[in-house]
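Peer 1: Sequence below, structure please.
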Amino acid sequence: MKRNIIFPLLCSVVLLSCSKDFTNLAPISQRNAQNFYKNQTDFQIAINGAYDGLQLQGTYGRSYLLLSEMRSDNTNNGGGASGLAAVLQDIDDFKEIATAAELQLCWADSYNAIARCNAILDRIDGADFSSTLKDQFKGEALFIRSLVYYNLATIFGNIPLQLSSATSTAQINLQQSPPAEVYAQLITDLNTAAGLLPPSYTGANIGRATKNAAKALLGKIYLTAGDKNSARTVLQQIVVDNQYRLVDDYSKLWGPANENGPESIFEVQYKGGGQREGSNYVEFFASPLSKSGGVGGGNTPLSVTSDVIAAFEPGDDRFRKSIYTNGNDTTYVVKYISDQISAFDAENNWVVLRYADVLLMLAEALGEGTEAYNLINEVRDRANLGPIDASTPGTFEEKLLHERHVEFAFENQRWPDLLRFGVAKQVMSVHKRELRRHRFTCSLPYHKEKLTCQWVDWYRTLVNRSQTNETSI
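Peer 2: Here you go, the predicted structure:
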């Protein structure tokens, strides 16, 4: 069931951001920042702008897919290897350079989203409205910021950890933090967020981050950081809450009619129909059916690999509900099919966290044993597959990773999984890539000697934009 949590207020923000008054960001934006962030309405607009940060082309709008899903063995660059597409081919082949436009877009838009969250967290305590709603907004901002930082750490490795707004260059943190430090901060923030967020929402607020969304992301980060005991504790809490369930039919996870359903924990929300709030996923994953008509029209399609097709067991019900192929010249992902009024404008949400992920992460945290196999088999049963156990060939980790591969195909889970399980080089070598290096994180999108001056100027600009709630950037 589709719920649009941010569109009504966001419309007013976008209209304001298109005004001439907002094109000259300083000092006008500084004056507006002083008058903004005062009351409940201001912070409602601001938190909606933070959610909008997850839709940007440099985040879930495009870059997180190209820098994660496309680098895995699920998809290849389907847009050719010459001209502008050469940059994407280099990313696909782990040969990207620091100045690649896609890296800079991801970097800039991700820190744009972070700046929006920081602006809220720095100012909300001084506002005069309900403490309950303040707590919710704080929790939402911490969750969104944590989700963005998780993606940045997965893609780039060492990254600057900016945790407050910057009004001067001295307040901008240029120090690169290793992933372990980033994860430690996110663990703190998500534990705080879980204590602030409500368990659920109703009406137009369905789709906002909840307590269990924070816990599910926290469980994933605990696993990534190697703390299986803590992951087990927080993931078991979600299962015990009995708030979610696996939908009976895997196909009922996909399409606008099924969004924010009983298995969904968190989705990036989109709304098609010419309102600048639509998604691009039809173009990326099912380009033959899209309005852009394939490679042309600025599309960057992802082609399905033979590796992921071969990964499905005979009789796996998920195959035909994930992939269409005529066995010859047409293959595409069916999860993201949606009616479009125009190109790059579909209704599809992006599912970030769902209950099947919680079950399989919990199995990972538990380690091999009856309880873990029961969780895996709960997911397999929906796919009309028989149970597995310790006697099934392969190590426990191999069997679990295989299950995650087919359950979450094309959901941006595969590349982080390969990294977390420590098998990225092994798997990608079998995928017949010419791996240039053993380091699988992307190059930071600025040369080191230029980082300080470029980032200071750029970050100051995006902070000004976040302070005016300019969400159309």
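Peer 1: can you pull out the strands in the chain?
Peer 2: Assigned by DSSP state E, the chain shows strands spanning 75-77, 159-160, 176-177, 264-268, 302-304, 323-325, 331-333, 350-354.
Peer 1: Which one of these lies nearest to Ala231?
Peer 2: strand 350-354 (14.0 Å; C-beta to C-beta). C-betas here are computed from N, CA, C, even on glycine.
Peer 1: Now do the closest one and strand 264-268, the angle between them.
Peer 2: Here strand 350-354 runs at an angle of 150 degrees relative to strand 264-268 (axes from the mean of the first three to the mean of the last three C-alpha atoms, to 10 degrees).
Peer 1: What are the neighbouring residues in contact with the closest residue to Glu403 other than its chain neighbours?
Peer 2: Closest residue to Glu403 apart from its sequence neighbours, by C-beta to C-beta, 6 or more residues apart in numbering: Ile376 at 5.6 Å. Contacts for Ile376 were tallied using C-beta atoms under 8 Å, 6 or more residues apart in numbering; they are Leu359, Leu360, Ala363, Ile388, Lys399, Leu400, Glu403.
Peer 1: Helices along the stretch 251-400 of the chain, start to end?
Peer 2: 281-285, 306-311, 355-366, 370-382, 396-407 (DSSP state H, counting those that start in this stretch).
Peer 1: And Asp345, how far from Gly139?
Peer 2: 31 Å (C-beta to C-beta, to the nearest Å).
Peer 1: Which one of the two is surrounded by more residues?
Peer 2: Ranked by neighbour count (other C-beta atoms under 10 Å), Asp345 and Gly139 place Gly139 first, with 26 against 22.
Peer 1: got the contact list for the more buried one?
Peer 2: Contacts of Gly139 by C-beta under 8 Å, 6+ apart are Thr192, Ala193, Ala194, Gly195, Leu196, Leu197, Ala209, Lys211, Ala214.
Peer 1: what about 7 Å?
Peer 2: Ala193, Leu196, Leu197, Ala209, Ala214 (C-beta atoms under 7 Å, 6 or more residues apart in numbering).
Peer 1: Roughly how far does it sit from Lys211?
Peer 2: Gly139 is 8 Å from Lys211, by C-beta to C-beta.
Peer 1: And the helices of the stretch 251-400 of the chain: which comes nearest Gln340?
Peer 2: Closest among the helices of the stretch 251-400 of the chain, using C-beta to C-beta: helix 281-285, at 6.1 Å.
Peer 1: Identify the contacts common to Gly139 and Lys211.
Peer 2: By C-beta under 7 Å, 6+ apart, the residues touching both Gly139 and Lys211 are Leu197.
Peer 1: circling back: most tightly surrounded among the helices of the stretch 251-400 of the chain?
Peer 2: Stretch with highest mean neighbour count among the helices of the stretch 251-400 of the chain: helix 281-285 (a mean of 27; mean count of other C-beta atoms under 10 Å).
Peer 1: can you dump the C-alpha coordinates of it into CSV?
Peer 2: C-alpha atoms of helix 281-285 as CSV (Å, rounded to 0.1, in the frame of the first residue of the first chain):
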residue,chain,number,x,y,z
TYR,A,281,14.5,2.0,-11.3
VAL,A,282,12.6,1.0,-14.4
GLU,A,283,15.3,2.6,-16.6
PHE,A,284,18.1,0.9,-14.6
PHE,A,285,16.7,-2.6,-14.3
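Peer 1: Need the contact partners of that helix.
Peer 2: 65, 289-290, 292, 299-302, 332-333, 335-338, 340, 343-344, 346, 348, 350, 410.
Peer 1: Please repeat the previous calculation with a cut-off of 8 Å.
Peer 2: Here helix 281-285 has contacts from 62, 65, 289-292, 299-302, 332-333, 335-338, 340, 343-344, 346, 348, 350, 410, using C-beta under 8 Å, 6+ apart.
Peer 1: Where does the prediction get shaky in this protein?
Peer 2: Low-confidence segments of the chain (pLDDT under 70): 1-34, 81-84, 292-300, 432-439, 446-473.
Peer 1: Would you mind measuring from the most far-flung residue of the chain relative to its centre to His405?
Peer 2: Distance to the chain centre peaks in the chain at Ser391, reaching 35.7 Å (criterion: C-alpha atoms, centre = their mean). Using C-beta to C-beta, one obtains 21 Å as the distance from Ser391 to His405.
Peer 1: before we move on, the earlier item: now the contacts of helix 281-285: which count as buried?
Peer 2: 62, 65, 289-292, 299-302, 332-333, 335-338, 340, 343-344, 346, 348, 350, 410 (16 or more other C-beta atoms under 10 Å).
Peer 1: List the contacts of Gln176.
Peer 2: Asn158, Ile159, Pro160, Leu444.
Peer 1: what's the burial count for the residue lying closest to the second one once chain neighbours are set aside?
Peer 2: By that I understand Ile159. Once flanking residues are discounted, Ile159 sits nearest to Leu152: 5.0 Å by C-beta to C-beta, 6+ apart. Leu152: 25 surrounding residues under other C-beta under 10 Å.
Peer 1: go on, Phe94?
Peer 2: Phe94 has 17 nearby residues by other C-beta under 10 Å.
Peer 1: now it: how far from Arg123?
Peer 2: With C-beta to C-beta as the criterion, Phe94 and Arg123 are 41 Å apart.
Peer 1: ok, now Arg116?
Peer 2: Taken as C-beta to C-beta, the span from Arg116 to Arg123 is 12 Å.
Peer 1: Between the two, point out the one with more neighbours.
Peer 2: Arg116 (30 against 18).
Peer 1: That one and Ala50 touch, don't they?
Peer 2: Yes. Using C-beta atoms under 8 Å, Arg116 is in contact with Ala50, at 4.4 Å.
Peer 1: Which helix runs longest in the chain?
Peer 2: Ranked by residue count under DSSP state H, the longest helix found in the chain is helix 131-156.
Peer 1: May I see the buried residues of that one?
Peer 2: Buried-residue list, helix 131-156, by 16+ other C-beta under 10 Å: 134-156.
Peer 1: Repeat that for stretch 223-239.
Peer 2: Buried-residue list, stretch 223-239, by 16+ other C-beta under 10 Å: 223-225, 227-228, 230-232, 234-238.
Peer 1: Now do that stretch: distance to the chain's middle.
Peer 2: Between the centre of stretch 223-239 and the centre of its host chain there is 20 Å, according to C-alpha atoms, centre = their mean, to the nearest Å.
Peer 1: List of residues touching that stretch?
Peer 2: Against stretch 223-239 from outside (C-beta under 8 Å, 6+ apart): 150, 179-180, 183-184, 187, 212, 215-216, 218-220, 222, 244, 355, 358-359, 361-362, 364-367, 416, 420.
Peer 1: Nothing else from me, thank you.
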